Each structure stands twice: as structure tokens, then as C-alpha cells.
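In: Coordinates for the following, if possible.
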Amino acid sequence: MLTAAVEADHTDIVHLANLAYRGGGDAAGWTTEAAYIEGERLTFAQLRDDLAAQPDARLLVYRDASGGPLLGSVWLEPRGDAWYLGLLTVHPEMQNRQLGRSILAAAEAFAKDHGAARIRMSVVNVRDTLIAWYERRGYVLTGATAPFPYDEQFGTPLRGDLCFVMLEKAL
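Out: Take a look at the predicted model:
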């Protein structure tokens, strides 16, 4: 289901992340952050730097067929027995196929097979629908928060009350 991303995938991953996280209008899926944050969610340089800084991280991609268009991606980063899951991305036109839950389940299985006992993630606090989606899949809010980077690293925030909430799931 998921395969390791290769360098040739990076441009498509960046495009997909920006479409899924910041797409507006007809291109918007239900997971868009465009009402809270504008601009790019990910740049090619950020992705390259993240991969270089975290050589143990796994960037995985999903396509319906070998050589087909990129439909989803996920970042998994080992942090002891609790792996960090990020950049779970599904093409907005594919969100009605339950592809996100399939990618999430496959990412959890991958992490468990590689020694993870838990998965942790962070979600922007105002994304109630997305948080509820993760909770329906067994994730629990930990009560921990982290500041949102108002340095425009992840785009331009449109409100001043953003932070990250932490979720966790035992595998």
C-alpha cells in the first residue's frame, strides 16, 4: 500500500501537501487549513532539509498503480518507542474513498512492525473536525500543546490563537 518515497517524488509530495492543506475553492478538501493559514504548507527546500535533519524518518507515498499519480503521503519519524506521524496527506479529490484511513492504518502497521509502541502527532488546535476524525481512529488528546510557529515557516497564520495539540495512540 505504502512505498518509500524517492527523490523523484519530492516535487509531487510538495504539490500535494500544498493542495491538501491549503487548497481553496473547488480544490479544497475537508481537511484544508486555508481558513486559518495561507501560503505554502511545504516547500521543496523544507522537505529536503527535514529529510537531511531526520535521516531515520520514513517518507511514504501511496499511488493506485505503479507510476500513477501521487494520491497520498505520510511522514513517520522514530522517536524511541513512540513514533511521530506527520504530513498525512490525501489528494482532495480522493478523500471520499476512505483513502486517509487506509493510509493511516498502513502507517501505523509500518511503525509497529519497526518497533513503535505508540504514534504521536500534532494538529492545529482549531481543526476540530480533523481532531475528531483522529479520535474516531483511536487517538487521544494528551493535554500537551506546542506553540504554532508564527515565523511563517508553515505559511501565514490568519489568526493569533493557533497552537498545536498533541494526540497519541497505543499500537
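
In: Can you show me the strands along this structure?
Out: 3-4, 37-38, 58-62, 72-77, 82-90, 118-124, 140-147, 156-157, 163-170 (DSSP state E).

In: Out of the ones you listed, which gets nearest to E108?
Out: Between E108 and the strands of the chain, the shortest gap by Cβ to Cβ is with strand 118-124, which sits at 5.9 Å. All C-beta spots, glycine's among them, are computed from the backbone N, C-alpha and C.

In: Can you name every helix or strand that the closest one contacts?
Out: Packing contacts for strand 118-124, counted by 3 or more Cβ pairs under 8 Å, 6 or more residues apart in numbering; DSSP states H and E, involve strand 82-90, helix 99-113, helix 128-136, strand 163-170.

In: quick one: low-confidence ranges for the protein?
Out: 24-27 (pLDDT under 70).

In: Give me whichever of the strands of the chain is most buried.
Out: strand 72-77 (a mean of 23; mean count of other Cβ atoms under 10 Å).

In: what inclination does that one have with respect to helix 99-113?
Out: If you take axes from the mean of the first three to the mean of the last three Cα atoms, to 10 degrees, strand 72-77 sits at 30 degrees to helix 99-113.

In: what's the burial count for the residue lying closest to L42 once chain neighbours are set aside?
Out: Excluding the flanking residues, the one nearest L42 by Cβ to Cβ, 6 or more residues apart in numbering is A17, at 4.2 Å. Look at A17: counted by other Cβ atoms under 10 Å, it has 21 neighbours.

In: Likewise for D9?
Out: Other residues close to D9 by other Cβ under 10 Å number 19.

In: That one contacts Y62, doesn't it?
Out: No. Between D9 and Y62 there is no contact under Cβ atoms under 8 Å: 10.8 Å.

In: residues shared between the contacts of these two?
Out: Taking Cβ atoms under 8 Å, 6 or more residues apart in numbering as the contact rule, D9 and Y62 both touch L70.
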